[in-house]
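>>> The following comprises the amino acid sequence and a computationally predicted model.
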Amino acid sequence: MLKTTIFALSLLLFVFTLNNNALGFSDDYNQEEYLDFQPYTGNRLIVFNDTRIDYCVVKNNENPRFNHIAANAVQIWHDKIVDVTKNPFVWDMTTHIQPKNQSVCDGFINYIDTPDPTVFQLSGVAGFSHPLTPVANVTIYTDDYQTTLKELAEKDKDFWNTMTLEKFQDIVKNGVHKQFDYDAIKRITLHEIGHSLSLHHPVTSDGNLNSATGIMGYNMSYNQIDADEVINIVKAYPNGFKKISSPESIHLDNPNSEKIVHLGEITNLTIELPYLEEKLPPTGLELYIFPEGTTSQKPDLAPIKIIKTEGRNQIENNEQYLSDIHVSMIHWDTYTKVLSIQFKVVNEFENADIIVVSHSLGGFEKQWFLEDVMTVDRALFSDLLLDIETTEYTYHLMGKNPNREIEKESAFESKQNTMYNEALGECLVNKNMKKCADEVKLDDFKYELESASIWMP
């Protein structure tokens, strides 16, 4: 929970900007461990177990009396999710105090008097949920050293002009400070667990998080978890926290494995025609889907028909299995075509078969029969998701996907802040805070991201 009114160093002449749920991918982790980016995935990039979330308390030697706050906060989140979703089988969320075997831990909650990183000390951090660790690392800083600094500044008008980095760190780490009270620490803990469960800070019209409702805002007197915050977790992880993968493109000239999707999800499926050298290019595709499989390869019997050819665009769907079908034809190059389909699955089925028919410029027809292409399983929040609009449909023809742009922008901001903070730290070694704030500006640091052409329907 960053830069709240109660915790911020209000007399500092500059402010570090730090996004504690910045999104960025690290080369240290296997990309397959990540969920595909969605608007609400927040700072949890690594997935939890699909049925349990076990938080552990292992380092609270400084503040063992706060262990029960951690356990209580986890229970509050569990009970609220059960209440909003009306699903008693939601994750079994629990807290282990000093477990003998830490392999059970999906996340850690620990209480420390003051932060070690200088950037956290300067920005007045009261809690932090690390976004890029394999488990959810939540840390709560319990000492109100910000008030100590404020009181010292009130007694000495020249306090900030003579402040050095070493002096600042000495006050933070070695001074005697009041501790935040029980209610404040409880709220900070709930807020940071919210980040570990995927939540961003809320978006407010005036940009003032102190006026936002919900536990993810900064209003310390508002200590309730809102139903909308639970819904945003459901939108982010409709299947629970188990590993999922979106169906890859189906290449008609290659073997294809079965794709597993989940009931209630909006799903993308692409069919890519092979490039046939010295053959006339295809003019369109016909797709016939048999959700329950088929013993007959007669396209007319298919419950779902999708036809994208020259002069004919047709979708026939009995809506028993799929809804909200949207289709587009993408040209990879002169000869290659990809049929992109987006839909919501509304019923379970196994081992769907697909018949694909293409037509060339010369009127020649080629047909492929694909067995066991897709299975739809029930997910943790399936029943609820069928009543929730998870996202607005938009397809992007060889363009930039807005979700990826958000991801890249967040990664840029994180890198920019790192460069800025490093330069400011170097300045503070020899100069006071006021001079460094005048000399080092965030906007002076530009970070060029490698531009990559990303296509996603």
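That came through fine. Residues are numbered from 1 along each chain as shown.

>>> Please make it C-alpha for all contacts and neighbour counts, starting now.
OK.

>>> packing partners for whichever strand or helix holds residue 234?
Per DSSP states H and E: residue 234 is located in helix 227-236. Helices and strands touching helix 227-236, by 3 or more Cα pairs under 8 Å, 6 or more residues apart in numbering; DSSP states H and E, are helix 67-85.

>>> helices or strands next to whichever helix or strand comes after the helix it packs on in the packing?
Note on helix 67-85: by DSSP H and E, the next helix or strand toward the C-terminus is strand 92-97. Secondary structure elements in contact with strand 92-97, counted by 3+ Cα pairs under 8 Å, 6+ apart, are strand 52-57, helix 67-85.

>>> could you give the angle of strand 92-97 to strand 52-57?
Interaxial angle, strand 92-97 versus strand 52-57 (axes from the mean of the first three to the mean of the last three Cα atoms, to 10 degrees): 20 degrees.

>>> Next, the contact list for the closest residue to residue 164 other than its chain neighbours, please.
Computed as Cα to Cα, 6 or more residues apart in numbering, the closest residue to residue 164 that is not its neighbour in sequence is residue 432, at 5.1 Å. For residue 432, the contacting residues are 160, 161, 162, 163, 164, 165, by Cα atoms under 8 Å, 6 or more residues apart in numbering.

>>> Tell me which two in those are the farthest apart.
Farthest-apart pair in the contacts of residue 432 is 161 and 165; separation 11.8 Å (Cα to Cα).

>>> Now do the shared contacts for these two.
Joint contacts of residue 161 and residue 165 (Cα under 8 Å, 6+ apart) are 432, 433.

>>> which of the two has more neighbours?
A direct count of neighbours by other Cα atoms under 10 Å for residue 161 and residue 165 places residue 165 higher, at 18 against 13.

>>> Could you report the neighbour count for the nearest residue in space to the more buried one that is not next to it in sequence?
Spatial nearest neighbour of residue 165, chain neighbours left out: residue 428 (5.5 Å); criterion: Cα to Cα, 6+ apart. Around residue 428 there are 18 other residues, counting by other Cα under 10 Å.

>>> Verify the stated contact: residue 428 with residue 164.
Yes: look at residue 428 against residue 164 with Cα atoms under 8 Å: they come within range, at 6.3 Å.

>>> got the contact list for whichever strand or helix holds residue 167?
Following DSSP H and E, one finds residue 167 within helix 165-174. Helix 165-174 is contacted from outside by 114, 118, 121, 145, 149, 425, 428, 429, 432, 433, using Cα under 8 Å, 6+ apart.

>>> Pull out the buried residues from these.
114, 121, 145, 149, 425, 428, 432, 433 (16 or more other Cα atoms under 10 Å).

>>> Need those in JSON lines (columns: distance to residue 266 and pLDDT).
Formatted as JSON lines, the buried ones among the contacts of helix 165-174 follow (distance: Cα to Cα, whole Å; pLDDT from 0 to 100):
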{"residue": "114", "distance to residue 266": "44", "pLDDT": "91"}
{"residue": "121", "distance to residue 266": "43", "pLDDT": "85"}
{"residue": "145", "distance to residue 266": "47", "pLDDT": "91"}
{"residue": "149", "distance to residue 266": "51", "pLDDT": "90"}
{"residue": "425", "distance to residue 266": "46", "pLDDT": "84"}
{"residue": "428", "distance to residue 266": "50", "pLDDT": "84"}
{"residue": "432", "distance to residue 266": "54", "pLDDT": "82"}
{"residue": "433", "distance to residue 266": "51", "pLDDT": "79"}
